[in-house]
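In: Kindly generate the corresponding structure for this input.
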Amino acid sequence: MRKKIFYITLTLIIVLPILIRLVTMLVFKIRYKPVFIPPEVKVETVKDKVIYKTYESSARVESVYQINVVARVSGTLQKSYFKEGAFVKEGQTLFLIEPSEYQNASDASSADIANIRAKLAYANKQLARAQELVKQDYIAKSKYDEILSQRDSLLAQLRSANSEHKDRQRYLSYTNVKAPVSGRVGTIDVTVGNYVTPSSGELTTIYSTNPMYVTFSISAEDFTSLEEDEKKSGKHKVVLYLPDGRKYPYDGEQDYFDNKVDKSSGSIKLRATFKNPDNVLIHGEYVKVKIYANNPQNHLVIPMTAVESSPGGSYVYKLDKHNIAQIVYVKIGEPYGKNWIIKSGLKAGDRIITEGVTRVTPNKPVRISK
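Out: Model (predicted):
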């Protein structure tokens, strides 16, 4: 009997603390079960908005004319008449190539012409006498033909000499190397004193300044939209923003697009022309452009604060009728102020969370801030 009581007591000593602990944990769990508190958020209803769609792109400024100034005759470069980086006018002399050789050649051809003209004057007189004599049969017809042939030969020599003289004058004029266009001149690549030839390369480079081209690329999809818009209402206005963010005072006009889509980027190259009377735009400069569609269109627009990103793409939290937040993936388009244009994933009338997004738990209710 005592042995039995001992075992019962021992069992109670061992088991009872365990039972007490289990009961305590159960009571604590029931009493302190965590309660979900819906986060407070701001909500907006998605609406259609009538906007003039814009297309943005990085761009590069290019001169309409980029002229490499080269020597057209051989000789020693004697002088330069401009300051590097200055603006030069069309026809302005830039360099002088030693002209004496070409001046002498021009003078010699001029003397040849004078000599032929003197002979021609005598031949014309001889021909006039022969015409009278042959009428009276004082000379043979063959003699008259010989005099006529000599006169005609001198006429041909005069034409050839005149042509040769023009060529030599042209070569002489090439010793004055002139600007073929107006624009900003670059550095002097061949200094005075060097012997230059037509194969020596450029002496300097001129970039025209007004107007200027601006080239840029947009996606093939956006280009198709622009083409449809242009068919309805004409060419598009292009706005340019300088590297410091300032808006350029003159709008451009898109006047060219490439005949192919770039395979690697899926984009197409376009060009706009801008006035540049104050020489603000510089060849090679990187800028930004915006193209404005001529016809307004309806687009879904939502605040940028509503959009989150994940490996699966961009998404928003849409509320159902019970204010349960559900993840909806969207395809975003171009920025519009502080908003995104939405291409797909939402429709007008949907309610989305715009503030407090980080506090939201998917498929849980939220509390809408008044």
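
In: what about Gln157, distance to Lys318?
Out: 96 Å (C-beta to C-beta, to the nearest Å). All C-beta spots, glycine's among them, are computed from the backbone N, C-alpha and C.

In: can you check Val238 too?
Out: Counting by C-beta to C-beta, the gap from Val238 to Lys318 is 37 Å.

In: Neighbours of the nearest residue to Tyr65 once chain neighbours are set aside, how many?
Out: Excluding its sequence neighbours, the residue lying closest to Tyr65 (C-beta to C-beta, 6 or more residues apart in numbering) is Ser208, at 3.9 Å. Residues lying near Ser208 (other C-beta atoms under 10 Å) number 21.

In: Ramachandran coordinates for Ser208?
Out: Main-chain dihedrals, Ser208, degrees, to the nearest 10: phi -70, psi 150.

In: Go ahead and confirm it touches Pro180.
Out: No - counting by C-beta atoms under 8 Å, Ser208 sits too far from Pro180 to count as a contact (10.0 Å).

In: who touches both of these two?
Out: Common contact partners of Ser208 and Pro180 (C-beta atoms under 8 Å, 6 or more residues apart in numbering): Ile67.

In: My reading is that Gln78 lies in a strand. Confirm?
Out: Yes - counting by DSSP: H, G, I helix; E, B strand; the rest coil, Gln78 falls inside a strand.

In: What residue spans form the domains of this structure?
Out: The record's domain parsing of the chain by automatic domain parsing lists 40-51+298-368, 54-64+208-296, 66-206.

In: Generate TSV for these, with distance to Arg21 and mean pLDDT as supplementary columns.
Out: Output for the domains of the chain, formatted as TSV (distance: least, C-beta to C-beta, whole Å; pLDDT from 0 to 100):
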stretch	distance to Arg21	mean pLDDT
domain 40-51+298-368	33	88
domain 54-64+208-296	67	85
domain 66-206	89	91
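
In: what about the helices in this structure?
Out: Secondary structure of the chain (DSSP state H): helices at 2-31, 100-135, 141-173, 220-233.

In: Tell me which stretches of the stretch 151-300 of the chain form strands.
Out: If DSSP state E, counting those that start in this stretch is used as the criterion, the strands of the stretch 151-300 of the chain fall at 176-178, 183-185, 195-196, 202-207, 212-219, 237-241, 252-257, 267-274, 286-292, 297-303.

In: thinking again about what came up before, who has more neighbours out of Val238 and Lys318?
Out: A side-by-side neighbour count of Val238 and Lys318, using other C-beta under 10 Å, places Val238 first with 25 against 20.

In: ok, that one touching Val289?
Out: Yes - if you go by C-beta under 8 Å, Val238 and Val289 touch, sitting 5.5 Å apart.

In: Now for these two: what residues contact both?
Out: 214, 252, 272.

In: Dump those residues to JSON lines, plus distance to Val192 and neighbour count.
Out: Output for the shared contacts of Val238 and Val289, formatted as JSON lines (distance: C-beta to C-beta, whole Å; neighbours: other C-beta atoms under 10 Å):
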{"residue": "Val214", "distance to Val192": "37", "neighbour count": "25"}
{"residue": "Gly252", "distance to Val192": "40", "neighbour count": "23"}
{"residue": "Ala272", "distance to Val192": "41", "neighbour count": "25"}
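
In: Rebuild those residues as CSV, extending it with distance to Gln126.
Out: Below are the shared contacts of Val238 and Val289 laid out as CSV (distance: C-beta to C-beta, whole Å):
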residue, distance to Gln126
Val214, 71
Gly252, 71
Ala272, 71
